[in-house]
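Asks: Kindly generate the corresponding structure for this input.
(one chain, ligands or ions: 1)
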Amino acid sequence: DAIRKTGYGNRHMGLYPIKVNPLRHVVAEIQDAGRAYGMGLECGSRAELAAAMPHLRGDRHLLVCNGVKDESMLALAMDAQRLGRQVIPVVQSPEEFAALCTIAARRGDDPTLGVRIRLSNGTLDRWDRYAVPDAKFGLSPADLLELLAQYPDALPRLGLLHFHVGSQVTDLTRLQHAAAEAAQVYASLIQRGAGLRYLDVGGGLGVEYGDAPGSPAGLGYSLADYAHAIVAAVNEVCRSRSVPHPVLVCESGRAVTAHHSVLIVPVLSVRERRGLTADTVTPPQAGDATALLIRQALHGPAPVNAGDASALLSRAHHAYGKVGASFAEGRVAMEEFAVAERAFVTVARRIVEYLGRTGLPVPAQIGPLVRSLADRVLCDFSVFQSLPDHWGSGQTFPVMPIDRLNERPTRHGILVDLTCDADGRIDRYISSDPDATALPLHAPRPGVRTELGFFLMGAYEDVLGAPHNLLGRVPEVHVRTDECAAQGFRIENIVPATTVADLLTQMGYLEAELRGAMGDIVASMTVTDELSAEAGYGLIDRYAKCLEQGTYYETGDVAGPKS
Ligand SMILES: Cc1ncc(COP(=O)(O)O)c(C=O)c1O
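Replies: The predicted model follows:
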């Protein structure tokens, strides 16, 4: 659309950056779906290049080779060109430029190459406009001119110009400035005789994770806005400088894969912060503060406005603080402190519910309280394995129950994972409240399994995760929509979870050695009659089964008999 509307004189080509989700099924699916559109691939390491090269279908599809490349990678890219494939090594630094030209001369090759350029990135209003931009990779215009003077034969072989401003760009003007600046470099090089055909704008197309527009992570632009910003910027430069329009290449991985994957997480238990029961009696020795809290909890009025809510809460908070201080000094019994805590929870919850019901904003000082009143919901997952971007950079993902969707949630919960780490939890949630630190949830029903959906998991999360606490990959089910199937979909493939033995092998343990050592311990105890042979067999059997199990929570009878 953007090409048609602006009258841009060339076409668009998409490349899938393998690093965003390198799983074989994902890459193959994207290649299949993208074949009709000439979708190619982008790789950034030797392993990615090795995975991609054999899958290049014909010479129509581009494989752009980014990242730091040693001699063997540069040679491999040239080999692919000898095979008639469009594999373009994109030079990231002056040293790589020199290495590529030297290897090509040695082999007698005449390879097409690309260069990654380092832009000032539209920092037009800022003092650092004149500073050397702080990008990790890329050649500045000064570097490029110097290298082309040194290696003049490279100019006609220069086929692709690349830049990348970052993933999940939230400010479209930044990308637009970058595209305009790159187009100026493109036009200057064309006018000097470069053989440039492609302008590769890298990644950056954002995904709407649900953050409010205007918030730092909010997107606030559509796919059409994105396309228009780039096409219009390049179009304008090419027209004004009377150079042919390049093929516009983009390397959007996040926007292509994020939506395909949902993580289904079972809830294992819900720990509620309980309030007072109606039949609570004031302990005989209770001090004034405890008595006040109990009165407030059992007979206290509901707040009538936001100011009243704050006043009621601060009285309760003050009283609870007093009981806590007395307990620490040994002047209040543990039973009294326990009742005071339950009473405080009742009062605080009433106020929070009042604010929620009336839609009044939660005052800043009550925020932490809302969080502390929330249930702790233990879920069968690991933040480190499945949500690494939440742990590492605080990114939020949409999470919600996948059942009871026509019921209003009445509780709030904080999701905690199986790992032993305090930060193995989800601290921020997508919600109409930009600071939501707890997730609205239904009250659990005894005997009914609750499952939560973690959405938009397909980009990066599938591959960045680490087996911290030795929690490995989760099982995968590949589902394809199918209008002919009774339910409208079919299950195409099931990939089992990592087993304990798999993971231990990755960590350098030898399964046979582990089994042997366990066997020796049991054998030595049966010899001395400290353990019966039957108990010994049972023990060995359960250890062997543990190695075959997945690394997550197992339900069912696996505990073995009473000793
Ligand atoms: C060179 C390059 N191309 C493409 C991408 C993918 O970008 P995105 O995550 O915006 O799809 C990245 C990611 O940072 C990248 O470094």
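Asks: gap between the nearest residue to residue 107 once chain neighbours are set aside and residue 502?
Replies: Using CB to CB, 6 or more residues apart in numbering and skipping residues adjacent in sequence, the residue nearest residue 107 is residue 78, 6.4 Å away. Heads up, the C-betas are built off the backbone N, CA and C, glycines and all. Relative to residue 502, residue 78 is positioned 37 Å away (CB to CB, to the nearest Å).
Asks: thought residue 90 was touching residue 111?
Replies: No. If you go by CB atoms under 8 Å, residue 90 and residue 111 don't touch, sitting 11.8 Å apart.
Asks: Tell me if I am right that residue 314 is in a helix.
Replies: Yes. Per DSSP: H, G, I helix; E, B strand; the rest coil, residue 314 lies within a helix segment.
Asks: follow-up on the earlier one: what residues of whichever strand or helix holds the residue nearest to residue 107 count as buried?
Replies: Under the criterion of DSSP states H and E, residue 78 resides in helix 71-82. Using 16 or more other CB atoms under 10 Å as the test for burial, helix 71-82 gives 73-78, 80-81.
Asks: can you redo the residues you listed as JSON lines with distance to the ligand?
Replies: JSON lines is the format used below for those (distance: CB to the nearest ligand atom, whole Å):
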{"residue": "73", "distance to the ligand": "15"}
{"residue": "74", "distance to the ligand": "17"}
{"residue": "75", "distance to the ligand": "21"}
{"residue": "76", "distance to the ligand": "18"}
{"residue": "77", "distance to the ligand": "16"}
{"residue": "78", "distance to the ligand": "21"}
{"residue": "80", "distance to the ligand": "19"}
{"residue": "81", "distance to the ligand": "20"}
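Asks: ok so, going back, who has more neighbours out of residue 90 and residue 111?
Replies: Neighbour comparison, residue 90 and residue 111: the larger count goes to residue 90, with 26 against 22 (by other CB atoms under 10 Å).
Asks: Surely that one forms part of a strand?
Replies: Yes. Inclusion of residue 90 in a strand is indicated when three-state DSSP is applied.
Asks: Any idea what it is bridged to?
Replies: residue 114 (DSSP bridges).
Asks: In terms of helices and strands, where is whichever residue of the stretch 151-300 of the chain sits closest to the ligand?
Replies: Relative to the ligand, the nearest point of the stretch 151-300 of the chain is residue 203 (1.8 Å; CB to the nearest ligand atom). In the assignment (DSSP H and E), residue 203 maps to no helix and no strand.
Asks: Leaving out chain neighbours, which residue sits closest to it?
Replies: In space, residue 203 is closest to residue 251, 4.8 Å off (CB to CB, 6+ apart).
Asks: how close does the one you found sit to residue 67?
Replies: In this view, residue 251 and residue 67 are 12 Å apart by CB to CB.
Asks: Neighbour count for the two, which is higher?
Replies: Each of residue 251 and residue 67 has its neighbours counted (other CB under 10 Å); residue 251 has more, 24 against 19.
Asks: shouldn't residue 85 be in contact with residue 56?
Replies: Yes. Here residue 85 reaches residue 56: they are 4.9 Å apart, a contact under CB under 8 Å.
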